[in-house]
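Novice: this is a predicted model, with the sequence first.
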Amino acid sequence: MPIINIKISAVKSPAMIRQIADLVQHKTIAILGKKRELIAIAIDFVDPDCWIVGGESLSAQRKHSVYVDVKVTDETNTKDEKAAYIAEVFAGFGALLGTLHAESYIYVDDVRATAYGYGGRTQEYRYQHPAADIGS
C-alpha cells in the first residue's frame, strides 16, 4: 500500500520505466509519507495516437499526457499533502516528458480502510491488529 497505476504517452524503455518509478516513488514517500517497501507501481504506455484530448490525438497536438492513480487508505493524508503531491508529480512529469498537456491527471484516491488492503488483510484489520503484521 499504496498501489499506483500510471498511464503515460511515452516511448517505453528501461530508462523511462526507471525514471517514472523513481519520480513517483520519491514523491509518494516524501509528500504522502508512505513506506518504500509497500509501494507498488504499474506502468502502462499508451501510443500518443490512441490518447485523445479535446477530440484530437496527443501526437497531432505534439504533447504528452499522464494519468496517475494512487490509492491510499482514507484519512491518512491531509488536503494540503494531496494538493502538494498532485502539483509536484505533475511538475515532475512535465520535466520528464517536455510538453505536458494540461489535461493530465494525478488522482489521489482515498479508499476506505475496510475496503482496501494487501496480503489478504484489509487496512482496517491491520489497524485493529498491529501485532499481526510484525514480520510479514
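Specialist: Ah, there it is.

Novice: contacts for the helix or strand harbouring residue 94 next, please.
Specialist: Assigned by DSSP states H and E, residue 94 falls within helix 79-97. The contact list for helix 79-97 (Cβ atoms under 8 Å, 6 or more residues apart in numbering) reads 8-10, 19-20, 23-24, 27-28, 31-33, 64, 66, 68, 70, 77, 100, 104, 106, 108. To be clear about C-beta, it is placed using only N, CA and C from the backbone, and glycine gets the same treatment.

Novice: same thing but 6 Å
Specialist: 19, 23, 27, 31, 32, 64, 66, 68, 100, 106, 108 (Cβ atoms under 6 Å, 6 or more residues apart in numbering).

Novice: residues in contact with the third one?
Specialist: Under the criterion of Cβ under 6 Å, 6+ apart, the contact partners of residue 27 comprise 88, 89.

Novice: how does it look with 8 Å?
Specialist: 85, 88, 89, 92.

Novice: just the pLDDT for the last one.
Specialist: I take that to be residue 92. pLDDT, residue 92: 98.

Novice: what do you get for the third one?
Specialist: Per-residue confidence for residue 89 comes out at a pLDDT of 98.

Novice: can you report how many residues lie near it?
Specialist: 24 (other Cβ atoms under 10 Å).

Novice: what does the first one give?
Specialist: In terms of burial, residue 85 registers 22 neighbours under the definition other Cβ under 10 Å.

Novice: how near is it to residue 59?
Specialist: The gap separating residue 85 from residue 59 is 29 Å, by Cβ to Cβ, to the nearest Å.

Novice: please enumerate the strands of the chain.
Specialist: With strands called from DSSP state E, the chain shows them at 3-8, 40-45, 52-53, 56-57, 66-73, 105-111, 117-118, 121-122.
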